[in-house]
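Trainee: Pasting the sequence and the predicted model now:
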There are 2 protein chains.
Amino acid sequence: MTNYQIDCLQYANWSENIFKEMREGGLDAVHVTIAYHETFRETVLNMEQWNRWFEQFPSLIFQGTTGADVRLAKETNRTAIFFGFQNPSPIEDDIGLVQILHQLGARFMQLTYNNQSLLATGCYESYDAGLTRMGREVVKEMNRVGMVVDMSHSGEKSTLDAIEYSERPIAITHANPHNWHQALRNKSDTVMRELSNSGGMLGFSIYPHHLKGGTSCTIDSFCKMISDTANIMGIDNIGIGTDLCQNQPDSIVEWMRVGRWTKGIDYGEGTASNAGFPPMPTWYKDNRDFSNIANGLYKIGMTETEISKVMGNNWLNFYDNNFGAIK
Amino acid sequence: MTNYQIDCLQYANWSENIFKEMREGGLDAVHVTIAYHETFRETVLNMEQWNRWFEQFPSLIFQGTTGADVRLAKETNRTAIFFGFQNPSPIEDDIGLVQILHQLGARFMQLTYNNQSLLATGCYESYDAGLTRMGREVVKEMNRVGMVVDMSHSGEKSTLDAIEYSERPIAITHANPHNWHQALRNKSDTVMRELSNSGGMLGFSIYPHHLKGGTSCTIDSFCKMISDTANIMGIDNIGIGTDLCQNQPDSIVEWMRVGRWTKGIDYGEGTASNAGFPPMPTWYKDNRDFSNIANGLYKIGMTETEISKVMGNNWLNFYDNNFGAIK
């Protein structure tokens, strides 16, 4: 069996250097966020920037759209880059843009980012009414074309609604269990069970606000959490989604939180006194540390087969089944 | 040898009925215009409409992007639809949109539609300065990704510039020889020779303003013109691009001519007293008449091999070589 290594969420300040680090870390595929609050046209501008990187660095990266591209990446010593959105802003109010953006390579779309969207409720709203009328239509369209519903930043009811309403498995690309660290964004046992029962995937995040102990969280604690979650969700429905925001200036975390929806300031998971990007744990500074997770899992007693599933083979299986129209 | 039938330019008021007529006429592929003056976003809206037609009528049509799709169309008794623009308005002032629109399936783009564009000079301007600075950059980018330069509505110098500057063959998808009918849009012997010498293609138009005798032009005269052009250009660089504008209201020909560039009126190839769409010749009312051309060519003595080249095999060969990145 071949072992694939996939990081199913990053939002780094990308550069040739980071692409080289992806290769040093042995990443066969990375799901990159290309929109937080961008309109359709702004999202296309971000795709244009990626097209330029693909043209400039063809020996390091290329655009991935299928599971087969992950295998091609490994065979050719490159990293396949998959596009995703953390908000449905790229489709604006036009369901036809779901297919257009899928044609351009988008493979994941969150229905919300913290706030209420046209489709569902974000985790920071005080009341979660679940999927909206348009939300149900868009989920159906995403199912049809093969764009994965991602509920990483959604409220509990919206998430359970999406799991139930979606005819194909959904993903929570980057979050951890609430039972381990009580962050608002981390997920309840109920969500994790329903997600797993429906064939969905959870990607474990290393963003410090999602970690027990924050930046000081140990690799041992992180890996034990993964092992405990395997006991709840099973070993086949979990993977990694580091949420690595490498080299980003703090203006970017403000953009992520505030977009253009307020003239004020919102600290999201941070606070006024700790408003910027939190420092990453010492054991995860960049893509070259990806194997630290595998080593940590080995140390706490996971088998090699289990580790390979967590490190990428589960995501590859999910990519194989969910990135195209149903045949 | 298999005979393929390709119409390399239509702008009909499409409907299920017209798609059925494409099947009855045995069209394996049709290049459809999806933008005259549309912005990027408006062009994407037109693509969304086509996506809906592809979803609604999968047994009649599907989107074609390669020569292989023409073969697939014949094998499955469907018509492959290829997208093109009669103006560079969809890329606005952003060269990055060339690749984005190619990713969405665009395979032909005219550098101008009658007027000066950001890229080149249209055939109705009084002075043609040739390719602009941006025009040269865009031609290079179109060459790179595999989007064909179409000079059907361009001035003579711009057309010759494009032939010379383009590293890949270009096309004039819908026009006739000026030596046969002195329409402003029809092409000089010089253009036809340079086009052919560089591997480019000319598609013969049945739009009455391009025909000797207009609507009254006989199939015999049309076919003799094709045969005479073969003597100038060779038999391998000519095909059909009917310019069929079936079922369009006259408001559409006004949109084609006027877009949003004037508050006045421009009659293009028409006149104040004959402003609307001219009636098509009796021998070409719709797609079901496509074989009339083959029969007409047979009647004037063309061989079956020559006829199959003109009716589609030359275009297929051109599609095979020009719709993707150079390997």
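Mentor: Nice, thanks for sending it over. Residues are numbered from 1 along each chain as shown, chains lettered A, B, ... in the order given.
Trainee: quick one: the strands in the stretch 151-300 of chain A?
Mentor: Secondary structure of the stretch 151-300 of chain A (DSSP state E, counting those that start in this stretch): strands located at A:171-172, A:201-204, A:238-240.
Trainee: Please produce TSV containing these, extended by mean pLDDT, distance to residue A:146 and mean neighbour count.
Mentor: Just so you know, the C-beta spots here come from the backbone N, C-alpha and C atoms, and that holds for glycine as well. Shown next, in TSV, are the strands of the stretch 151-300 of chain A (pLDDT from 0 to 100; distance: least, C-beta to C-beta, whole Å; neighbours: other C-beta atoms under 10 Å in any protein chain shown):
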stretch	mean pLDDT	distance to residue A:146	mean neighbour count
strand A:171-172	98	13	30
strand A:201-204	98	15	28
strand A:238-240	98	19	25
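Trainee: which residue does the stretch 51-200 of chain A bring closest to chain B?
Mentor: With C-beta to the nearest C-beta as the measure, residue A:96 is the residue of the stretch 51-200 of chain A nearest to chain B, at 3.3 Å.
Trainee: Helices of the stretch 151-300 of chain A, residue ranges please.
Mentor: For the stretch 151-300 of chain A, helices defined by DSSP state H, counting those that start in this stretch occupy the ranges A:156-165, A:189-197, A:219-233, A:250-258, A:290-299.
Trainee: I'd like the ones you listed laid out as TSV, including distance to residue B:35, mean neighbour count and mean pLDDT.
Mentor: Output for the helices of the stretch 151-300 of chain A, formatted as TSV (distance: least, C-beta to C-beta, whole Å; neighbours: other C-beta atoms under 10 Å in any protein chain shown; pLDDT from 0 to 100):
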stretch	distance to residue B:35	mean neighbour count	mean pLDDT
helix A:156-165	36	21	98
helix A:189-197	43	18	98
helix A:219-233	48	18	98
helix A:250-258	33	16	91
helix A:290-299	44	18	98
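Trainee: do you know which of the ones you listed lies nearest residue B:278?
Mentor: helix A:156-165 (53.1 Å; C-beta to C-beta).
Trainee: who does the closest one touch, helix- and strand-wise?
Mentor: With contacts defined as 3 or more C-beta pairs under 8 Å, 6 or more residues apart in numbering or on different chains; DSSP states H and E, helix A:156-165 has these neighbours: helix A:133-145, helix A:189-197.
Trainee: Would you mind giving these as CSV with distance to chain B added?
Mentor: Shown next, in CSV, are the helices and strands packed on helix A:156-165 (distance: least, C-beta to the nearest C-beta, whole Å):
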stretch, distance to chain B
helix A:133-145, 8
helix A:189-197, 29
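Trainee: For residue A:31, find the nearest of those.
Mentor: Closest among these, using C-beta to C-beta: helix A:133-145, at 15.5 Å.
Trainee: For whichever helix or strand comes after the closest one, name the packing helices and strands.
Mentor: Using DSSP states H and E, the next helix or strand after helix A:133-145 towards the C-terminus is strand A:148-150. If you count contacts as 3+ C-beta pairs under 8 Å, 6+ apart, strand A:148-150 packs onto strand A:106-110, helix A:133-145, strand A:171-172.
Trainee: Tell me which of the helices of the stretch 151-300 of chain A sits nearest to residue A:211.
Mentor: The nearest among those, by C-beta to C-beta, is helix A:219-233 at 6.8 Å.
Trainee: and for the closest one, what are the contacting residues?
Mentor: Under the criterion C-beta atoms under 8 Å, 6 or more residues apart in numbering or on different chains, residues A:176-177, A:179-180, A:189, A:192-193, A:195-196, A:202, A:204, A:206, A:211-213, A:238, A:281, A:283, A:292-293, A:296-297, A:299-302, A:306, A:310 lie in contact with helix A:219-233.
Trainee: Tell me who's in contact with the residue of the stretch 51-200 of chain A closest to chain B.
Mentor: B:45, B:48-49, B:51-52.
Trainee: what does residue A:113 give?
Mentor: A:36-37, A:86-87, A:122, A:153, A:256, A:259.
Trainee: repeat that with 7 Å
Mentor: A:36, A:86-87, A:122, A:153 (C-beta atoms under 7 Å, 6 or more residues apart in numbering or on different chains).
Trainee: Show me the two of those that sit farthest apart.
Mentor: Farthest apart among those - using C-beta to C-beta - are A:36 and A:122, which lie 12.3 Å from each other.
Trainee: what does chain A have sitting close to chain B?
Mentor: A:41, A:44, A:47-48, A:51, A:96, A:99-100, A:103-104 (C-beta under 7 Å from any C-beta of the partner chain).
Trainee: again, 8 Å this time
Mentor: A:40-41, A:44-45, A:47-49, A:51-52, A:94, A:96-97, A:99-100, A:103-105 (C-beta under 8 Å from any C-beta of the partner chain).
Trainee: Of those residues, which belong to helices?
Mentor: Using DSSP state H, the members of the residues of chain A next to chain B that fall within helices are A:40-41, A:44-45, A:47-49, A:51-52, A:96-97, A:99-100, A:103.
Trainee: By neighbour count, which of those wins?
Mentor: Counting neighbours by other C-beta atoms under 10 Å in any protein chain shown, residue A:44 leads those with 26 neighbours.
Trainee: could you list every residue that touches the closest residue to that one other than its chain neighbours?
Mentor: By the measure of C-beta to C-beta, 6 or more residues apart in numbering or on different chains, the closest residue to residue A:44 outside its immediate chain neighbours is residue B:100, 5.7 Å from it. When contacts are counted by C-beta under 8 Å, 6+ apart, residue B:100 is found next to A:44, A:47-48, A:51, A:104.
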